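Undergrad: Need the 3D shape of this:
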Amino acid sequence: MATLEIRDLHVSVDTENGPKEILRGVDLTIAGGQTHAIMGPNGSGKSTLAYSIAGHPKYNITSGTVTLDGEDVLDMAVDERARAGLFLAMQYPVEVPGVSVANFLRTAKTAIDGEAPKLRTWVKDVNKALSDLDMDPTFGQRNVNEGFSGGEKKRHEIVQLELLNPKIAILDETDSGLDIDALKIVSEGVNRFAGQGDKGVLLITHYTRILRYIKPDFVHVFVDGRVAEEGGPELAEELEANGYERFLKAGAK
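TA: As a prediction, this is how the structure comes out:
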């Protein structure tokens, strides 16, 4: 099974006043067959972690390591990380005018697998993935995310997850902006992926709402750029009841 290991990761961003450190020594291990939830207040560094793993050029890795099955992720280009088995569902999926969903998905699948999928079975796979996410097959002919509602964009991210079938999925606030029906549909897609048994999931969220449908094995509380506490699902229940105040006070000391 795949294992993503993050060790003492420090990340900064460039500002007008010079570099600003966002991540201050993150340690985290996500193994195949595990679902991890990262929860924390705004500005705690959750999305920075996701984009740093994926290779966004805005984020500067100042120290620490990220490995996938022992291979140095930080030494890989963005596309190499995807081919190695990493997947990021973005908090704010972008529109790609002029590129149809069908062409985008087939191009991505070809790039990751190293060969084009067989057209007959691929069309069936795409239509099934769209149907499973309650999206009409005509979405395949539309431009990527162009004119999509917020919920449709998030469901399209999970369509990509199902078709590309990575080793480790990083889901950056996939629940934001979803109504209850869309939340259930998206959660079912994530559970189908995780249910294969050898896949790792890193779920980043503000709220416990999605954790009613996706049951984490581990919950990590993120405060001020580091993991403040770790536990099981009961930790999410504490956060639901009491919020982040205890962790924020501890971090301020």
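Undergrad: low-confidence ranges in the stretch 101-250 of the chain?
TA: 250 (pLDDT under 70).
Undergrad: which residues in it form helices?
TA: 101-113, 119-132, 150-164, 180-194, 233-242, 245-252 (DSSP state H, counting those that start in this stretch).
Undergrad: Out of those helices, the one nearest residue 15 is which?
TA: Set against residue 15 and scored by Cβ to Cβ, the helices of the stretch 101-250 of the chain come closest in helix 245-252, at 21.3 Å. C-beta coordinates here come from the backbone N, C-alpha and C atoms, glycine included.
Undergrad: Give me the distance between residue 207 and residue 240.
TA: 8 Å (Cβ to Cβ, to the nearest Å).
Undergrad: one step back: distance to residue 213 added to the helices of the stretch 101-250 of the chain, as CSV?
TA: Converted to CSV, these look like this (distance: least, Cβ to Cβ, whole Å):
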stretch, distance to residue 213
helix 101-113, 25
helix 119-132, 15
helix 150-164, 13
helix 180-194, 3
helix 233-242, 12
helix 245-252, 24
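Undergrad: hey, which of the ones you listed is tucked in deepest?
TA: helix 150-164 (a mean of 21; mean count of other Cβ atoms under 10 Å).
Undergrad: what's in contact with it?
TA: 82, 87, 89-90, 93, 101, 105, 108-109, 112, 125-126, 129-130, 132-135, 139, 144-145, 148, 169, 171, 174-179, 182, 185-186, 189-190, 192-193 (Cβ atoms under 8 Å, 6 or more residues apart in numbering).
Undergrad: The helix or strand encompassing residue 30 packs against which elements?
TA: Using DSSP states H and E, residue 30 maps to strand 18-31. If contacts are counted by 3 or more Cβ pairs under 8 Å, 6 or more residues apart in numbering; DSSP states H and E, strand 18-31 sits against strand 3-15, helix 46-54, strand 60-68, strand 200-205, strand 226-231.
Undergrad: how about 10 Å then?
TA: strand 3-15, strand 35-39, helix 46-54, strand 60-68, strand 168-172, strand 200-205, strand 218-223, strand 226-231 (3 or more Cβ pairs under 10 Å, 6 or more residues apart in numbering; DSSP states H and E).
Undergrad: I am finished for the moment; much appreciated.
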